[in-house]
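>>> A structural model of the following input is requested.
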Amino acid sequence: MAGGEQDQDKHAVRETVRRGYAEIARSAGPCCGERASCGQAAGPDAVAGRLGYGEQELAGLPEGANMGLSCGNPATLAALKPGEVVLDLGSGGGLDVFIAARNVGPTGRAIGVDMTPEMISKAPSNVEQFCAATGLDNVEFCLGEIEHLPVPDASVDCVISNCVINLSPDKPQVWREIARVLRPGGRVAVSDLALLQPLPPALAQSVEARIGCMAGAVSVDESVRMAREAGLAEVEAVSRPIYSGDPADWGDRTFAAIAELLPEGTVSSDYVVSMDIRATRPEGA
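Numbering: from 1, shown residues only. The predicted structure is shown next:
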């Protein structure tokens, strides 16, 4: 495929994702992560609890910050410290940004980047609520693509991301951007979905599977390889099951559409798992 055609294809994927998440922002409904909870009448906080978020982390967050879009808890995985600058890729409603802001405290800073204007439009109200509840003024949200982060070189102590990199049509570029913005010795903590085996062709080409975080996922080994090729070191990855039950029973229209494309006798968990990846930018790099 010629370079121009590749660029057009990436643009088409990005616009598909942008439109899908704009609709999620308008409806305040969930997308990826453990949406099996939908069929079990569990809300976003219950989903987050199963992913390792504590009650104290979730208490007092701005309304709508937790949109049920998680597949892990990267802020805790990152072991954030007071005074650090942390950047969240694909910040959505701001769940991980606000949790990170508490962890880094008044001398630190938490920055969220999202490419969907409808998500970013939630920021002023959410930031105002957060400041009023905590007394902290250390949060900002920026409109931007994770392949082209609006952040200077070597300006961030930690990069986090939650169920987002799978959505990018240019994952190697995302990992290069992560390495670029990290300070030497800085670290990355990513929670995402990973493939266990190739998806059936109909599912791999499905818009619903793309928005549902499956069609863009790659294997754990491929993610580790991309992180290393970007110049990151001490790359570690851990995977675990995330989906449960039959998505056809989850009460979610996106996953109902996905379920129809699955081969008979299979469920989503036969194809994807959740993974956590940690890595560092080497000192002197």
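
>>> Just give the number of residues close to Ala257.
18 (other Cβ atoms under 10 Å). C-beta here means a position set from N, CA and C on the backbone, and glycine is covered the same way.

>>> Skipping adjacent residues, who's closest to it in space?
Glu208 (4.1 Å; Cβ to Cβ, 6 or more residues apart in numbering).

>>> Would you check that the one you found makes contact with Ala259?
No: Glu208 lies out of contact with Ala259 (Cβ atoms under 8 Å); the separation is 9.7 Å.

>>> circling back to that earlier point, so is the residue nearest to Ala257 in a helix, a strand, or just coil?
On the three-state scheme (DSSP: H, G, I helix; E, B strand; the rest coil), Glu208 is labelled helix.

>>> what about it, distance to Pro241?
21 Å (Cβ to Cβ, to the nearest Å).

>>> same check, this time on Val151
Using Cβ to Cβ, Val151 is found at 34 Å from Pro241.

>>> Just want to know which of these two has more residues nearby.
Between Val151 and Pro241, counting by other Cβ under 10 Å, Val151 is the more crowded of the two (19 against 11).

>>> In terms of pLDDT, where does the spatially closest residue to the more buried one that is not a sequence neighbour sit?
Of all residues not flanking Val151 in the chain, Val181 sits nearest, at 4.7 Å (Cβ to Cβ, 6+ apart). The score at Val181 is 98. That number is its pLDDT.

>>> who's in contact with the closest residue to Ala215 other than its chain neighbours?
Spatial nearest neighbour of Ala215, chain neighbours left out: Ala209 (3.8 Å); criterion: Cβ to Cβ, 6+ apart. Counting by Cβ atoms under 8 Å, 6 or more residues apart in numbering, Ala209 makes contact with 199, 203, 215, 258, 261.

>>> By mean pLDDT, which helix or strand of the chain comes out lowest?
helix 44-50 (a mean of 62; mean pLDDT, DSSP states H and E).

>>> And the helices in the stretch 51-200 of the chain?
55-58, 74-77, 95-104, 117-120, 123-134, 171-181 (DSSP state H, counting those that start in this stretch).

>>> Please name whichever of the ones you listed is nearest to Ser274.
helix 74-77 (11.3 Å; Cβ to Cβ).

>>> And the residue nearest to Ala215, how far from Val164?
16 Å.

>>> What of Ala227?
According to Cβ to Cβ, Ala227 and Val164 sit 15 Å apart.

>>> surely Asn73 meets Val190?
No: the criterion here is Cβ under 8 Å, and Asn73 misses it with Val190 at 11.4 Å.

>>> Please say which of the two ends up with more neighbours.
Neighbours were counted for Asn73 and for Val190 using other Cβ under 10 Å; Val190 has more, 27 against 22.

>>> Please list all residues in contact with that one.
74, 159-162, 165, 276-278.
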